[in-house]
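1. Quick check, what structure comes out for this input:
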Amino acid sequence: MIALVAESGTTSIQMRDVTDRSGVALGTVYRYFRSKDHLLAAAFAEWQGKLTRRIVSSRRDENEDSLPLVRDFLRRVLQAFDRAPGMAVLMMQMTASSDPDVQQLIEQGSSGFDVAFDHLLAAEPRDDVSYIRLAIGCVLVDAVNRMSNGRATFQETLPQVEGVADILLSTRGRRSASSRKSRSQRTPA
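-> Residues are numbered from 1 along each chain as shown. The predicted model follows:
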């Protein structure tokens, strides 16, 4: 499936192309996938899952600095999309889909991303992890979007995404959970 996306893009792929390439009967494909988008989302989820499984399976010391690990992960993700630009386009299409089967697969992929980041951010204060993950995730999606439509290259997006990670994970750029809590308890003037 990934090879088909790379060869012809997502819009021109037909279910018949998939069955011809895989040797699986068309009826069998439709038994498991209700639509082409559902099948494409499943292929994307598998592709994305391979990357996040590698990260989660790696050993790490809980006290190890998170920044080099996060920078390495971001480089790997952007390189993967750079090598397979059709997958970047597919990700953008799938995140905009209203198909419930597609949404479920995208949510599962997001959960895998969360697990990978929880692993990478094990040394960070627990109260900060969800905010760091959200900010880096948004910047990463923006970078993939710009790469998918030709507005930016891997060489342009990598330092930008790493720069955000640097700010979020450096001691200069982070405030403690207690300062965030005290700030949220203030009443506006």
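2. ok, which stretches of this protein are helices?
-> Residue ranges of the helices in the chain, as given by DSSP state H, are 2-8, 15-22, 26-32, 36-57, 66-83, 85-95, 100-120, 126-148, 154-169, 177-185.
3. list the buried ones in the first one?
-> Think helix 2-8. Neighbour counts using 16 or more other Cβ atoms under 10 Å place 4-5 of helix 2-8 among the buried residues. Just so you know, the C-beta spots here come from the backbone N, C-alpha and C atoms, and that holds for glycine as well.
4. residues in contact with it?
-> Helix 2-8 is contacted by residues 13, 17-18, 21, 40, 43, 47, 84-87, 90 when judged by Cβ atoms under 8 Å, 6 or more residues apart in numbering.
5. out of the residues you listed, which is most surrounded?
-> Neighbour counts for the contacts of helix 2-8 were taken using other Cβ atoms under 10 Å; the highest belongs to Leu90, which has 25 neighbours.
6. Identify the residues contacting Ser58.
-> If you count contacts by Cβ under 8 Å, 6+ apart, then Ser58 has His119 around it.
7. quick one on the thing from earlier: looking at the helices of the chain, which is buried most?
-> Neighbour counts averaged per stretch over those are highest for helix 85-95, at a mean of 20; criterion: mean count of other Cβ atoms under 10 Å.
8. Now do it against helix 100-120, angle only.
-> Between the direction of helix 85-95 and that of helix 100-120, the angle (axes from the mean of the first three to the mean of the last three Cα atoms, to 10 degrees) works out to 110 degrees.
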